[in-house]
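Visitor: sharing a sequence plus its predicted fold:
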Amino acid sequence: QVQLVESGGGLVQAGESLRVSCVASGRIFSINAMGWYRQAPGKQRELVADITSGGSTNYADSVKGRFTISRDSAENTVYLQMNSLRPEDTAVYSCRMTVRELFSYYYNEFWGQGTQITVSS
């Protein structure tokens, strides 16, 4: 089985920066896409940013120019650097990876448990 564990969440003030990480462990053969999603209270989960195995990135319009996603494929880790944080960025942030496990021909989707990020005004 594959497990994803996020770290780095917390409480910050508006305008400050924060970096969250997500590490995958288990019987991993390869990882394709990695991404970050968020869900605020009373709202649907939304894509924040994702990155392909080739390094191509995609961002939600609301975070473009402020957030940067990156990955360390050798360490099975994805990062999200968040700058100029705003109160509306407050949400539970979860990572998602599409993983091919050892002895498998298919990629499956795995999610982390989520980490709370709260931005105070």
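Guide: Received, thanks. Numbering: from 1, shown residues only.

Visitor: now name the helix or strand holding the residue positioned nearest the centre of the chain.
Guide: Nearest residue to the geometric centre of the chain (Cα atoms, centre = their mean): residue 36, 2.7 Å. Here residue 36, judged by DSSP states H and E, is contained in strand 28-39.

Visitor: as a check, name the ranges of all strands in this protein.
Guide: 2-7, 10-13, 18-26, 28-39, 46-51, 57-59, 67-72, 77-82, 91-101, 107-111, 115-120 (DSSP state E).

Visitor: redo the ones you listed as CSV? Include mean pLDDT.
Guide: Converted to CSV, those look like this (pLDDT from 0 to 100):
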stretch, mean pLDDT
strand 2-7, 97
strand 10-13, 97
strand 18-26, 98
strand 28-39, 97
strand 46-51, 98
strand 57-59, 98
strand 67-72, 98
strand 77-82, 98
strand 91-101, 98
strand 107-111, 97
strand 115-120, 98
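
Visitor: pull the number of nearby residues for residue 45.
Guide: Residue 45: 14 surrounding residues under other Cβ atoms under 10 Å. Bear in mind the C-beta positions are built from the backbone N, C-alpha and C, glycine included.

Visitor: and the pLDDT for it?
Guide: pLDDT for residue 45: 97.

Visitor: across the sheet, point out what pairs with residue 47.
Guide: Beta-bridge partners for residue 47, by DSSP bridges, are residue 37.

Visitor: so who does it touch?
Guide: Contacts of residue 47 were listed using Cβ atoms under 8 Å, 6 or more residues apart in numbering, and they are 35-37, 58, 60.

Visitor: do that again at 7 Å, thanks
Guide: Contacts for residue 47 (Cβ atoms under 7 Å, 6 or more residues apart in numbering) come out as 35, 37, 60.

Visitor: residues near the last one, how many?
Guide: Residue 60 has 15 neighbouring residues, counting by other Cβ under 10 Å.

Visitor: go on, residue 11?
Guide: 12.

Visitor: which non-adjacent residue is nearest it?
Guide: Using Cβ to Cβ, 6 or more residues apart in numbering and skipping the chain neighbours, the partner closest in space to residue 11 is residue 118 (4.7 Å).

Visitor: so what's residue 33 closest to, chain neighbours aside?
Guide: Counting by Cβ to Cβ, 6+ apart, residue 33 lies nearest to residue 98, which is 5.0 Å off, once chain neighbours are set aside.
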